[in-house]
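Asks: kindly return the folded structure for what I paste below:
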Amino acid sequence: MFVGVLCKSVIVVLGFLLVCKAQEEYPYPIQTNLLYNKLDAEYGSILQCYDCNSEYDPRCGDPFNPYTIGMINCTDRNTPEHLLDPDDPEKKLRPTLCRKIVQRVEGKTRVIRGCGYIKDSHDDKQCFRRTGTKNVEVIHCSCTKSLCNAANTTKRSLENLVGLFSILIMYNALYRRLSF
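Replies: From the prediction side, this is the model:
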């Protein structure tokens with residue numbers, strides 16, 4: 001009896017630690033797409049991002065459903081004019097990241113997703129927040145894998161719930177098996 005309870009407790013703790021470790025290794029609220037990440041690693045030239053603005057398309061906002069918005073191949077895009085080198089306008093600046101920007105101005109929220117060109121120390125890390133005068137707030141997230149600019153904070157809660165539910169199912173199955 002005691003051994004059965006001990007085994008069940010160990011399994012629950014191990015499952016909990018597994019969920020916590022996964023969160024620790026992936027602390028920012030940006031999802032990745034394993035298929036495209038594999039292509040990135042193999043070919044080194046594909047960068048796809050979701051490209052939209054909730055001001056013009058409300059589906060771009062949070063919660064975001066990536067299956068309703070088109071993606072673009074950032075690698076095929078021309079360098080934006082404001083990023084061209086005036087001394088060498090033929091020099092192309094290659095997109096290196098996807099980004100998600102949440103702007104709140106005077107109580108109105110806008111979400112912008114797209115390609116990014118300039119690397120920063122915040123890439124692939126926790127999103128950062130900037131506030132200004134006139135009730136302005138900007139949350140900026142950037143990541144270097146294809147289609148990584150899709151996530152929103154509610155997605156993490158769902159992942160946690162699924163992980164916890166899986167642990168409870170395993171615990172219940174083990175409990176029934178060890179009960180006599």
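
Asks: switch to C-alpha atoms for all contacts and neighbour counts from now on
Replies: OK.

Asks: let me know the next secondary structure element after the lowest-mean-pLDDT helix or strand in the chain.
Replies: For the chain, the helix or strand with the lowest mean confidence is helix 34-43, at a mean of 44 (criterion: mean pLDDT, DSSP states H and E). Next helix or strand after helix 34-43 toward the C-terminus (DSSP states H and E): strand 48-50.

Asks: which strands or helices does that following strand pack on?
Replies: Packing contacts for strand 48-50, counted by 3 or more C-alpha pairs under 8 Å, 6 or more residues apart in numbering; DSSP states H and E, involve strand 71-73, strand 97-105, strand 108-116.

Asks: relative orientation of the last one and strand 97-105 in degrees?
Replies: Calculated by axes from the mean of the first three to the mean of the last three C-alpha atoms, to 10 degrees, strand 108-116 forms an angle of 160 degrees with strand 97-105.

Asks: neighbouring strands for strand 108-116, and are they parallel or not?
Replies: strand 52-53 (antiparallel), strand 97-105 (antiparallel) (DSSP bridges).

Asks: need the CA coordinates for it. CSV is fine.
Replies: This file holds the C-alpha atoms of strand 108-116, laid out as CSV (Å, rounded to 0.1, in the frame of the first residue of the first chain):
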residue,chain,number,x,y,z
LYS,A,108,-6.8,51.8,-27.9
THR,A,109,-4.9,48.6,-28.6
ARG,A,110,-3.2,47.7,-31.9
VAL,A,111,-1.3,44.5,-32.6
ILE,A,112,1.3,44.5,-35.4
ARG,A,113,3.0,41.3,-36.6
GLY,A,114,5.7,41.2,-39.3
CYS,A,115,9.3,40.8,-40.3
GLY,A,116,12.2,42.5,-38.5
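
Asks: what's the burial count for residue 64?
Replies: Using other C-alpha atoms under 10 Å, residue 64 is surrounded by 18 other residues.

Asks: distance of it from residue 87?
Replies: From residue 64 across to residue 87, the span is 40 Å (C-alpha to C-alpha, to the nearest Å).
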